[in-house]
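Undergrad: After the sequence you'll find the predicted model.
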Amino acid sequence: MFYYNITFLKAKFLLLYLITRFIIISMRRKTKAVLVGKVKIGGLALVSVQSMTKTDTRDIKATVRQIRELEKLGCEIIRIAVPDYQSALSLPRIKKSIRIPIEVDIHFNPKLALESIKQGIDAVRLNPGNMTDKEPLIEIVKSAKRARIPIRVGINSGSVRGWYRSALRHEIVRRSGPAYGISPANKIPSKQSQILSRAALEYIRFLEFLNFHNIMVSLKSSDVISTIEAYRELSTRCDYPFHLGITASGTIIDATVKSSIGIGVLLLEGIGDTIRVSITGPPEDEVRIGYKILESLGLRKQGLEIISCPTCARCKIDIVRITEKVKSRIERIPELSASGGSAFGRKDKNIKVAIMGCVVNGPGEAEDCDVGIAGGQNFGFLFKHGIRIRKVPESKIVSELIKEIKAI
């Protein structure tokens, strides 16, 4: 009977997960698919998580070391800034030493884009705010075509007005006109969201005019509402995959809040195909938070998820200490740790753990998880697959939880 109950609950959880996945996928915006290395973006592929190196690209050892740490956390695409020629020449040695594809970030100098493509990168980001010389852009497009790599049209609120001042922009508007809903050449839209989305659309039209369609798009602002509105508007005007993010969002608390809201709202509306959480801080946090956003929305279910209560006067066990110890122990276990290739935990198993402090929500949360503890007075009831299996003294809660997690 006990085995039957566990099997039934597993089947129920799996069915609910599959139904949720079906609903989310059916709501996703239908886009073209592009390949960044072996990572598919768009075309209903899983939403991928990426980050950006914060080292000097010329320092190959430091850059490779940082990327390898990000790989362990599940980073799927890495963006690298190329501010000078020596940085571009460093790319082959970096690429040879890592597993994930490289997207280079190019500003102002088209020659750096051409050299980076020559060095074998997997995608190139161009900023319409500062990459507006027509003939060099044509050469970049030809080079990207030959290399069969995508171009990301990367609009940024801090530099987008450079596009509206450019000669190329006026030429595109004169050629395209109202047929594409592009504003007159002498008028800049008043709303920041319109400035971002229309600039992206105009740049896209130029690439399409050159018969280039291997395109991704990002529309990043530090203002959450403007970012959401910009992506919403452009989503009705093209079917290219979107890279989501809130730029210049600050240190970890501000960045977490802004990114979770901005990226989360869009993903819930079915908009978005790859994400980067921008943080003034270590890139490892960008990947961790990125996965947490996706996991919270049911878009990625990788590895081990811990839910824990915020504690209050009802709590009679040290939830903070127990939770931190469980997380610390897991990170030292190879088969459970981030080295399994996901944001937190094994990539081949999805395990949900509840660490709860009292009888109000504890038993219910623990029953809904693979493994859980519901606290009492200096003890906890241990649950597994929805069944309460034994009473554990507080001193043994961590070891018992780890034992049951490893047994799954």
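TA: Thanks, I have it.
Undergrad: Which SSE is immediately downstream of the helix or strand of the chain with the lowest mean pLDDT?
TA: Among the helices and strands of the chain, helix 2-27 carries the lowest confidence by mean pLDDT, DSSP states H and E, at a mean of 60. As assigned by DSSP states H and E, the chain's next helix or strand after helix 2-27 is strand 33-36.
Undergrad: can I assume Thr132 is in contact with His170?
TA: No. Taking contacts as Cβ atoms under 8 Å, Thr132 lies outside contact range of His170: 10.3 Å. Every C-beta, even on glycine, is put in place using the N, C-alpha and C of the backbone.
Undergrad: more crowded one of the two?
TA: Thr132 (21 against 15; other Cβ atoms under 10 Å).
Undergrad: Surely Gln192 touches Ser221?
TA: Yes. Using Cβ under 8 Å, Gln192 is in contact with Ser221, at 6.1 Å.
Undergrad: Overlap of the contact sets of these two?
TA: Common neighbours of Gln192 and Ser221 (criterion: Cβ atoms under 8 Å, 6 or more residues apart in numbering): Ser157, Ala230.
Undergrad: More neighbours: those two, which one.
TA: Taking other Cβ under 10 Å, Gln192 and Ser221 do not tie; Ser221 has more neighbours (26 against 19).
Undergrad: Now for the residue nearest to the more buried one when sequence neighbours are not counted: which residues touch it?
TA: Closest residue to Ser221 apart from its sequence neighbours, by Cβ to Cβ, 6 or more residues apart in numbering: Ser157 at 3.8 Å. The contact partners of Ser157, by Cβ under 8 Å, 6+ apart, come to Gln192, Ile195, Leu196, Lys220, Ser221, Ser222, Asp223, Ser226, Thr247.
Undergrad: Which of the residues you listed ranks first by neighbour count?
TA: Most neighbours among these, by other Cβ under 10 Å: Leu196, with 28 neighbours.
Undergrad: That one and Pro189, how far apart?
TA: Counting by Cβ to Cβ, to the nearest Å, the gap between Leu196 and Pro189 amounts to 9 Å.
Undergrad: Please apply the same query to Gly376.
TA: Gly376 is 60 Å from Pro189, by Cβ to Cβ.
Undergrad: Compare the two (neighbour count), which wins?
TA: Each of Gly376 and Pro189 has its neighbours counted (other Cβ under 10 Å); Gly376 has more, 17 against 14.
Undergrad: is it true that the more buried one touches Arg314?
TA: No. Between Gly376 and Arg314 there is no contact, the gap being 10.4 Å when judged by Cβ under 8 Å.
Undergrad: Common neighbours of these two, please.
TA: Common neighbours of Gly376 and Arg314, counting by Cβ under 8 Å, 6+ apart, are Cys358, Val359.
Undergrad: Which of the three states applies to Ile351?
TA: At Ile351 the chain is in strand, as set by DSSP: H, G, I helix; E, B strand; the rest coil.
Undergrad: can you give me the strands in the stretch 51-200 of the chain?
TA: Under the criterion DSSP state E, counting those that start in this stretch, the stretch 51-200 of the chain contains strands at 77-81, 102-106, 123-126, 151-156.
Undergrad: could you pull out the helices for the stretch 51-200 of the chain?
TA: Taking DSSP state H, counting those that start in this stretch, the helices of the stretch 51-200 of the chain run over residues 60-72, 85-96, 110-118, 134-147, 161-164, 167-176, 192-209.
Undergrad: got the domain boundaries for the chain?
TA: Split into domains by automatic domain parsing, the chain comes to 31-296, 303-407.
Undergrad: Dump the ones you listed to a markdown table, plus mean pLDDT.
TA: Output for those, formatted as a markdown table (pLDDT from 0 to 100):
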| stretch | mean pLDDT |
| --- | --- |
| domain 31-296 | 95 |
| domain 303-407 | 85 |
